[in-house]
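Enquirer: Generate a structure from the sequence data that follows.
(chains A, B, C and D)
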Number of protein chains: 4
Amino acid sequence: MEPLDSRRSGRPVYITVIGGGRCDAVEYALAQSVGRLLGNQGAILVCGGLAGIMEAAARGAKEAGGVTIGILPGHDRTPANPYLDFSITTGLGHGRNLAVVSSGDAVIAIGGGYGTLSEIGLAAKIGRPVVILSGWRLQRDQGTEGVWYASSAQEAVTMALESISRSTDDQAARRRGK
Amino acid sequence: MEPLDSRRSGRPVYITVIGGGRCDAVEYALAQSVGRLLGNQGAILVCGGLAGIMEAAARGAKEAGGVTIGILPGHDRTPANPYLDFSITTGLGHGRNLAVVSSGDAVIAIGGGYGTLSEIGLAAKIGRPVVILSGWRLQRDQGTEGVWYASSAQEAVTMALESISRSTDDQAARRRGK
Amino acid sequence: MEPLDSRRSGRPVYITVIGGGRCDAVEYALAQSVGRLLGNQGAILVCGGLAGIMEAAARGAKEAGGVTIGILPGHDRTPANPYLDFSITTGLGHGRNLAVVSSGDAVIAIGGGYGTLSEIGLAAKIGRPVVILSGWRLQRDQGTEGVWYASSAQEAVTMALESISRSTDDQAARRRGK
Amino acid sequence: MEPLDSRRSGRPVYITVIGGGRCDAVEYALAQSVGRLLGNQGAILVCGGLAGIMEAAARGAKEAGGVTIGILPGHDRTPANPYLDFSITTGLGHGRNLAVVSSGDAVIAIGGGYGTLSEIGLAAKIGRPVVILSGWRLQRDQGTEGVWYASSAQEAVTMALESISRSTDDQAARRRGK
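Expert: Okay, the predicted model is just below:
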């Protein structure tokens, strides 16, 4: 297997796409575009492995020659969508949501319900940048640092990749003692 | 130990209170009031076991003679707040959030950050009614069924307890074949 | 609620009893005896909340006036045995095994299959003393430090409680700088 | 990426290798041989992602041109060994053990301590065939169905792959109504 295109020294970028297991045609197309753009960039696409947005994103990534990984809730690979190169089974139910978002260097959310909302929360809690392309709008007095809104698939992918470079630069700067 | 006041046949009501591990004095007082009201009602208070809102709610519940349970992220009971009757350690980190909300028949959210947001999402995903008393405001086109907003401690507790009676009634009706 | 009998400064002792969800009458009686002895000692009994050994141990503890907590695999309290004072639902399937053993200061194993074996391993991994009263026998060249075998309910409970005092003394000695 | 060699209709075989994060040179060489044989067979190697046996198995698999996946305990990829093609981070601590064994169609154990013991238990509990090549020896009166012992790397790999074909055949037979 050839080394993947890489934005960080020595390892590929992982991007997690989250969203509902069911979605309408518009959101499906949006997720497929996001997947395609990620595949073009050489990012590894991570998702929850099931249908809907997860399938659409994986499908798009495969169309662009990318690599796709699904992290499933049960112990069984049967519900996996057909666009996954690799699947992980967890047996943890919604407890797998933490692994789904943790495994991405950044997270892109498209539509979705309360499971997606929980993933947005978990991702931001552990410091993964989150880009919301459609669906949830969040508000609180202290603001929503670490969460951005994008208005197109291209913008979402650009924001996600830039948020990673930025946080990598921050880390490098901290390591140099500044 | 005497049997607890009960709203369902044969078992007590569990209410989970979620919110930040750090909070200001106003939110602390609010959470303490919620805890006190829950203790008065004979509900078992469940929380994440740490400081801030979790401590305030447990403290209020103990003042009212209630029972309190904390579900901790690590394997160590040391970070537990002093107002817990019982503590569970999980070693699952933020993965414990699912157990925290699952263990309540309903959930009351007070302030909090992304961890709290993830708990709101997980709770609603598994069908636990969620009452937000302060902090997060959620929006999406399809609405936010199963999530309510309260403007006082008393209203939050009333909404939480009524949401349980309602869902219990629904279940009973379904069992009777309607 | 009155404060519980306590072997450590300021907090009660938790003992987890693990074993199969189905068991024969001999093992059921053994687990019930263990539960009764733990209840007599003022220990809080933790278990996986279901039938078989978990039920028997909780039943014994309640007969002796003890407190019982069950940590369930699903989101539903319905499968809980009737001898639990408090139940935690996790939705994590077998992932809840880690919380079951973590929540005990020591663990007593009675019979059981592979789920119990996994709990013995997890308990010993995180430093919880394990007493095997019946069922599994473990061997490896490096020995099995931290795991003991008991030949009666009384011996199992004594070993479990002494293992905790010992490890508490060790910790106190370390804190005093020795 | 070319499709992998496959023993089941339409999808590759996953084999999980478990064992200690530290090991001696003999066990390291054994795990590396297992990895190499698995890579030769076109199996996807899954492991816990860290050093010791996990590293050795992944290293062997890469030497044979195989694909390797590591499932890490924390949220950070830094502790990953350098022989992983893909890494999953979970943030679930030892709770990740369930995902590690669940993701293999069969599991091979080499040496290891209590973490490995917990994985043997979890694997067998959820019906994954387990082959122990070195380390743990398990006994109980009811026997240890689903766990086999191998005396060489080659035998371990053969047993693991055959156990999968067998269980796949069983499933196919059941689906045909027999």
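
Enquirer: Return the residues of chain A in contact with chain C.
Expert: With the criterion set to Cβ under 8 Å from any Cβ of the partner chain, chain A comes near chain C through A:90-95. For every residue, glycine as well, the C-beta is placed using N, CA and C.

Enquirer: State the mean pLDDT of stretch A:91-98.
Expert: Taken as a whole, stretch A:91-98 has an average pLDDT of 98.

Enquirer: hmm, that stretch in reach of chain B?
Expert: Yes. Between stretch A:91-98 and chain B, judged by Cβ under 8 Å from any Cβ, the touching residues are A:92-95, A:97-98.

Enquirer: Could you confirm whether any residue of that stretch contacts chain D?
Expert: Yes. Using Cβ under 8 Å from any Cβ, stretch A:91-98 comes into contact with chain D via A:91-92, A:95-96, A:98.

Enquirer: for those, which one is nearest residue B:65?
Expert: residue A:95 (33.8 Å; Cβ to Cβ).

Enquirer: now the closest one, what's its secondary structure?
Expert: helix (DSSP: H, G, I helix; E, B strand; the rest coil).

Enquirer: number of nearby residues for the closest residue to it other than its chain neighbours?
Expert: Take residue A:95 and drop its neighbours on the chain: the residue closest to it by Cβ to Cβ, 6 or more residues apart in numbering or on different chains is residue C:92, 4.7 Å away. Neighbour count of residue C:92, defined by other Cβ atoms under 10 Å in any protein chain shown: 32.

Enquirer: From what I see, residue C:92 and residue A:97 are in contact.
Expert: No. Between residue C:92 and residue A:97 there is no contact under Cβ atoms under 8 Å: 11.5 Å.

Enquirer: Could you list the contact residues of chain A toward chain D?
Expert: Counting by Cβ under 8 Å from any Cβ, chain A sits next to chain D at A:1, A:11, A:44, A:46, A:67, A:69, A:71, A:75, A:77, A:85-92, A:95-96, A:98-99, A:102-103, A:126-127.

Enquirer: Put the buried members of these into a ChimeraX selection.
Expert: One line in ChimeraX is enough to select the buried members of the residues of chain A next to chain D, burial here meaning 16 or more other Cβ atoms under 10 Å in any protein chain shown:
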select /A:11,44,46,67,69,71,75,77,85,86,87,88,89,90,91,92,95,96,98,99,102,103,126
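
Enquirer: Among the residues of chain A next to chain D, name the ones in strands.
Expert: Judged by DSSP state E, strands contain the following of these: A:44, A:46, A:67, A:69, A:71, A:86-89.

Enquirer: Return the residues of chain A in contact with chain B.
Expert: Near chain B, when you scan chain A using Cβ under 8 Å from any Cβ, you find A:92-95, A:97-98, A:113-126, A:135-142, A:146.

Enquirer: does residue A:158 belong to a helix or a strand, and which?
Expert: Applying DSSP states H and E as the criterion places residue A:158 in helix A:153-175.

Enquirer: Kindly report the same for residue A:17.
Expert: Going by DSSP H and E, residue A:17 is in strand A:14-19.

Enquirer: So what does the closest residue to residue A:159 other than its chain neighbours look like in phi/psi?
Expert: Excluding the flanking residues, the one nearest residue A:159 by Cβ to Cβ, 6+ apart is residue A:131, at 4.7 Å. Main-chain torsions, residue A:131, degrees, to the nearest 10: phi -110, psi 120.

Enquirer: wouldn't residue A:131 be in contact with residue A:104 here?
Expert: No. Contact criterion Cβ under 8 Å: residue A:131 and residue A:104 do not qualify, at 10.8 Å.

Enquirer: Neighbour count for these two, which is higher?
Expert: residue A:104 (28 against 25).

Enquirer: Could you measure from residue A:77 over to chain B?
Expert: 22 Å (Cβ to the nearest Cβ, to the nearest Å).

Enquirer: and the closest residue to residue A:50 other than its chain neighbours, how many neighbours?
Expert: Nearest in space to residue A:50, with sequence neighbours left out and distances taken as Cβ to Cβ, 6+ apart, is residue A:21 at 4.7 Å. When neighbours are counted by other Cβ under 10 Å, residue A:21 registers 18.

Enquirer: ok, residue A:21 - contacts?
Expert: A:48, A:50-54, A:115 (Cβ atoms under 8 Å, 6 or more residues apart in numbering or on different chains).

Enquirer: Repeat that for residue A:118.
Expert: Counting by Cβ under 8 Å, 6+ apart, residue A:118 has contacts A:94, A:97, B:117-122, B:125.

Enquirer: picking that back up, what's the angle between the strand holding residue A:17 and helix A:153-175?
Expert: With axes from the mean of the first three to the mean of the last three Cα atoms, to 10 degrees as the basis, strand A:14-19 and helix A:153-175 are set at 140 degrees to each other.

Enquirer: Done for today, thanks.
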